[in-house]
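# fold the stuff below for me.
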Amino acid sequence: MKHRSRPAEQDDLLRPRLVDMIDGRHELVRLAALIDWSWFEREWAGFFPAGEGRPAIHPRLVAGLMYLQDAYGLSDEAVLARWVENPYFQHSTGETFFRHRAPIHPSSLSRWRGRIGEEGVEWLLTKTIEAARAAGAVSERSLAEIAVDTTVMEKAIAHPTDSRLYEKARRSLVTLAERAGIRLRQNYNRKAPRLAAQAGRHAHARQFRRMRKALRTLKGYTGRILRDIGRRIGAVPEGGLRTRIEERMTLVTRLLRQTPKSPGKLYALHEPEVDCISKGKARVRYEFGTLVSIATTLAGGFVAGMRSMPGNLYDGHTLADALQQVETLTGSCPSLAVVDRGYRGHRVQGTRVLVSGTRRGLTPRLARLLRRRSAIEPEIGHMKTDGRLARCALKGTIGDALYAVLCGCGHNIRKILAHLRTLLAALLASLIQTTAQAGRHPVTARAA
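Residues are numbered from 1 along each chain as shown. Model (predicted):
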């Protein structure tokens, strides 16, 4: 059902207003004044077409919580816990009076993300760009000159090993069989966990022949249970449980048939879409997650576009989609994009693309902008350390898409807050300087 409109503000003599408790010069207060919150109320109403049921939560509360969550790198539970104790957080989400209890359950944020989808979170990113324009932190010229790069957003999965995958597959099949009332000939609940641990010990001791023998035995245990369930699944009635068993059997079959060089390998049973990506890093050879394309302004490092690219694509194949997203979010196509050598052979038209290492035909200004390409690297580092880009906690490819864009929103919010703090510090410094000068020349000040 459509959300309720906020009730009209009423005076309460027993409770002070939030605006009387907080400092109006605080960056969160000034940021809340820069964002058009009524836009979310108008546009997000389309996600609730039904006229029945319980009214939805107000969009400003959800949008504000999502901004704060990604700006400060908090989980769903942590952002609501801090909201209860922080009056600036409550003011940013549109509250009039201080509240002592969380306004929603943490699961409501998850449901809202699923409802608004990738389009809705891209609107959130667009509003951060508009707020940066209003604050003077970014200009139209800076949005026309961007740097584009890719990074790996790792998934919240354990490091994949054959012993762990085989044991987890066996255990999940045994659990589903027990729920369906299937009596297995043998479940290997005693032998398999010990064998999986033993395989790890052999690998640690570099006894690879013994390790491979243990893995073959463990794989045989899983295959026997899979075939046993396949012979008896006909007795399970049609329904959700049988569908879950069949889906899990499909994944386990895929796991047992894959080889070390198989394309599209399975690295996690609960996240089958995870890719194994090698970026040539010395500290970590392989990363398990999804590729994320990031476009930032050369001046300031504001995120103008951010999108997950499932499928372990070549960097050059992601450039066209990245530039299209920048045009959609900012309202204008960038005139210049600087990229690293991984984008050679991109075949992008309409935007001038400078690849690192290019020297011929460059003016001094273009050469200077090309040297600025590496400035995107620390921005990505801040998104992973200050934000939440280092590890995606949302499920599936749609979760990757939402998480990547929200990380870009949080990065822009942190940039705007830092810009507002700098402006306030400069204003206070000028006032102090003016006061000091007036104190040194009191006669001139009286005459003025």
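
# where along the stretch 201-350 of the chain do the helices fall?
Ranges of helices in the stretch 201-350 of the chain, per DSSP state H, counting those that start in this stretch, are 208-232, 240-257, 315-330.

# what helices and strands are in contact with the first one?
Yep, that's helix 208-232 we're talking about. helix 162-180, helix 191-204, helix 240-257 (3 or more CB pairs under 8 Å, 6 or more residues apart in numbering; DSSP states H and E). For the C-beta atoms, the positions are set from N, CA and C on the backbone; glycine is no exception.

# what's the shortest one packed up against?
In this case it means helix 191-204. Using 3+ CB pairs under 8 Å, 6+ apart, the elements in contact with helix 191-204 are helix 162-180, helix 208-232.

# as CSV, the helices and strands packed on helix 208-232 with distance to Thr330, mean pLDDT and mean neighbour count would be great.
Shown next, in CSV, are those (distance: least, CB to CB, whole Å; pLDDT from 0 to 100; neighbours: other CB atoms under 10 Å):
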stretch, distance to Thr330, mean pLDDT, mean neighbour count
helix 162-180, 43, 95, 19
helix 191-204, 50, 95, 16
helix 240-257, 41, 94, 15
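
# want to try TSV for these, with distance to Gly410 as columns?
Below are the helices and strands packed on helix 208-232 laid out as TSV (distance: least, CB to CB, whole Å):
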stretch	distance to Gly410
helix 162-180	32
helix 191-204	37
helix 240-257	33
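
# returning to what we had before: please name whichever of the helices of the stretch 201-350 of the chain is nearest to Ala337.
Ala337 lies closest to helix 315-330 among these, at 6.4 Å (CB to CB).

# any chance you could list what contacts the closest one?
122, 125-126, 129, 143, 146, 148, 150, 291, 293, 295, 304-307, 309, 333-334, 337, 339-340, 342-348, 350-351, 353 (CB atoms under 8 Å, 6 or more residues apart in numbering).

# ChimeraX command to pick out the buried ones of these?
Listed next is the ChimeraX selection for buried residues among the contacts of helix 315-330, using 16 or more other CB atoms under 10 Å:
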select :122,125,126,129,143,146,148,150,291,293,295,304,305,306,307,309,334,337,339,340,342,343,346,348,351,353
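
# so which of the contacts of helix 315-330 are in strands?
Judged by DSSP state E, strands contain the following of those: 146, 148, 150, 291, 293, 295, 304-307, 309, 337, 339, 353.

# which one of those is nearest to Arg414?
Nearest member of those to Arg414, counting by CB to CB, is Met306, at 14.1 Å.

# centroid-nearest residue for this structure?
Tyr403 (2.4 Å; CA atoms, centre = their mean).

# tell me the secondary structure for it?
helix (DSSP: H, G, I helix; E, B strand; the rest coil).

# out of the helices of the stretch 201-350 of the chain, which is closest to Ser92?
Closest approach to Ser92 among the helices of the stretch 201-350 of the chain (CB to CB): helix 315-330, 22.1 Å.

# got the angle between the closest one and strand 303-309?
Per axes from the mean of the first three to the mean of the last three CA atoms, to 10 degrees, the angle that helix 315-330 makes with strand 303-309 is 130 degrees.

# fine by me, thanks again.
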